[in-house]
Structures are given as C-alpha cells and as structure tokens.
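K.L.:
coords please:
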Amino acid sequence: MVEDAEFRWEEPLDLRRLRQFLCVAECGGFSRAAQRLHVSQQALSSSVAKLESELGVTLLDRSGRQVSVTAAGEALREGATALLAASRVLTGQVRDAAAAQQRPFVVAHTPAVTSEEVHELLGPVRAALPELSILAKQMFPGDLAPALREGSVDVALRRGIAASRTLASATIAYHRLRVAVARDHRLAGRSTVGIGELRAERIVVWAPPGSSFYTDFILSACRRAGFEPELVVDRVQGTAPVTAVVDYPDAVAFVTAPAGPALGGAVVVLDLDDPLLTPIQALWLPHTRSAVRDLLTISDNQNL
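P.N.:
Residues are numbered from 1 along each chain as shown. Prediction:
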C-alpha cells in the first residue's frame with residue numbers, strides 16, 4: 001500500500017483535471033463550473049473525484065449547500081495557477097522552436113526602472129546572443145504577474161524586493177539612489193544632501209505605500225533616518241522618474257539618474273551623503289527554464 005501511494009505521488013498531475021478543479025473552486029460549486037466548462041455536472045464531479053483519488057486527499061468539502069475548498073485544496077489551488085501557466089509557456093516555447101521566425105524575448109519593467117537601466121541590465125544577453133530579438137515594455141507593477149502567467153512576458157523587472165508565493169525571483173542588481181529637485185528648489189545648489197535633511201520636504205512617489213515596493217523602500221529609508229515623510233503621488237505616470245519634480249517644484253524625488261543637471265537643466269540630481277542602494281528584482285514563472293533568462297538573472301549586474 002505504501003509503495004502504491006508513493007507511485008501515485010510520482011505520477012504527473014492531469015492538467016485537464018487540474019483546470020476543472022480550479023474552475024469548481026472558483027465557482028463555488030459543480031453546477032456553475034459545469035456550465036462554464038461546457039461539460040456535464042456528472043462528468044465534472046467524476047473528474048475531480050479522480051484527481052482526489054490520485055492525490056489521496058479530499059480537495060473539496062461537499063457537505064454544505066455550497067462546495068468549499070479544503071486545506072489540501074487550497075494548497076493545490078495555490079500551486080496550480082503557476083503550474084498551468086508554466087505549461088502554457090512550455091507549449092509556446094515548443095511552437096516557437098519549430099517556427100521559422102522566433103518571437104522576441106519580452107522583458108517587462110515598471111516605470112521605476114528606466115529604459116536605459118533595462119538596456120544596461122540586458123548587456124550580458126545582448127553580448128551572448130547578438131541575433132536574439134528583445135522587446136522591453138513598460139508595465140505597472142500590478143500588471144506584471146498576470147502578464148507572466150498568461151505568457152505574454154518572459155521576465156519582469158521591478159524595483160524593490162518582496163517575496164512572491166506564486167513567482168520565482170532573484171535580485172539581479174543594485175542601483176545607487178539619488179535625490180532629484182527642481183532647478184529653483186532650495187537644495188538645487190548643493191552637490192550632496194543627507195536623507196535626514198528631507199524631513200521637511202514633500203517626497204514625490206509613483207504609488208501609495210503598500211501598492212509599490214519602490215514606495216515602500218523609500219518610506220523605509222526615511223523611517224530609518226528618523227522621520228515619517230510626507231508623500232505625494234505623481235499625477236503623471238509612466239515617464240522617467242526625474243520628471244516627477246517638474247510639476248512639484250517644492251518637492252523632491254528619489255531617483256537613480258546620474259548626479260547633475262537633467263531634463264535640459266530643469267531638474268538637478270544630487271548625491272546622498274550616505275550612499276543608498278536600491279535593488280532590482282527579476283520575476284518569472286516557476287517550473288520554467290530559459291537560457292536567455294539565465295543570462296540576465298545570473299550575470300554580474302551588481303552595483304550599477
């Protein structure tokens with residue numbers, strides 16, 4: 001009996017049954033799920049029962065009027081989304097390998113990571129694979145995970161570090177953080193500034209705390225310096241970070257642009273007295289492999 005159980009555990013999951021289970025869990029019952037999947041309720045119930053038998057666990061509690069997901073079912077649902085997404089990516093990779101013209105390798109990045117920084121991070125890929133077509137596209141942080149799951153993006157780059165329960169990740173670089181001010185700002189004549197000196201300044205960010213890892217990183221840096229910053233969310237989204245202070249000349253913004261004049265002199269970027277490094281995190285689907293991605297995530301891009 002033990003040997004049989006171990007053998008069943010080593011058998012691969014049936015992806016069709018897995019999709020059907022996810023649909024039942026999402027719909028909260030077999031009737032609605034059967035309608036959505038265009039199968040009979042009996043066939044759907046039998047399919048999920050077979051999946052439970054294969055795993056040796058109960059995935060759904062059928063005792064109430066509405067089907068609920070058990071603890072084992074929640075564990076399966078959490079991992080199933082990434083597994084099914086990985087299967088779609090693998091299907092695409094197989095078809096791409098047979099195609100006469102290869103599709104580009106797609107790198108998504110948040111507005112906090114500039115296009116120039118993305119180009120520099122891709123240096124090892126460009127050097128090793130000069131014939132590879134690469135497409136870099138800017139996306140908002142909340143759009144990265146869905147794009148990775150649907151396979152429209154191969155790897156995503158964001159500023160800041162946060163653990164993800166459904167995506168694989170790696171820190172691939174650190175960029176030096178600086179402060180941008182408008183040319184008429186009281187600090188514009190300085191070459192350096194301390195974070196503590198910004199306690200009386202409004203700080204422009206691109207998203208509220210809790211919805212942006214970059215904002216959370218900035219907030220944490222200010223708190224370590226001993227003050228709670230006054231944050232204002234930039235009303236113009238998607239442009240280079242140094243543009244943030246153009247419409248807020250009395251405020252400052254944390255950027256990774258080089259020190260000195262920017263935007264034709266409309267903005268001045270100052271070094272911090274105590275250098276602060278902000279990380280770049282790469283995200284991708286677990287259970288997938290990519291030689292191109294390996295060049296990006298394993299390369300020595302630290303402290304750019």
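
K.L.:
alpha carbons only for contacts and neighbour counts from here, please
P.N.:
Will do.

K.L.:
Which helix runs longest in the protein?
P.N.:
helix 71-98 (DSSP state H).

K.L.:
Could you tell me how far that one lies from the centre of the chain?
P.N.:
17 Å (C-alpha atoms, centre = their mean, to the nearest Å).

K.L.:
Which parts of the stretch 101-250 of the chain are helices?
P.N.:
Under the criterion DSSP state H, counting those that start in this stretch, the stretch 101-250 of the chain contains helices at 115-121, 123-128, 141-150, 213-224.

K.L.:
How about residues contacting stretch 261-277?
P.N.:
174-183, 188, 190-195, 242-243, 245-246, 257-260, 303 (C-alpha atoms under 8 Å, 6 or more residues apart in numbering).

K.L.:
Got a quick PyMOL command for the buried subset of the residues you listed?
P.N.:
PyMOL command restricting the contacts of stretch 261-277 to the buried ones, with burial defined by 16 or more other C-alpha atoms under 10 Å:
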select buried, resi 174+175+176+177+178+179+180+181+182+183+188+192+193+195+242+243+245+246+257+258+259
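
K.L.:
In strands, which of the contacts of stretch 261-277 appear?
P.N.:
Counting by DSSP state E, the part of the contacts of stretch 261-277 found in strands is 174, 175, 176, 177, 178, 179, 180, 181, 182, 192, 193, 260.

K.L.:
wouldn't the third one be in contact with residue 278 here?
P.N.:
Right, the one you point to is residue 176. Yes: between residue 176 and residue 278 there is a contact under C-alpha atoms under 8 Å: 6.3 Å.

K.L.:
Disregarding flanking residues, what is the spatial nearest neighbour of residue 210?
P.N.:
residue 216 (6.5 Å; C-alpha to C-alpha, 6 or more residues apart in numbering).

K.L.:
same thing with residue 194?
P.N.:
residue 273 (5.1 Å).

K.L.:
Could you report the neighbour count for the one you found?
P.N.:
By the criterion of other C-alpha atoms under 10 Å, residue 273 has 13 neighbours.
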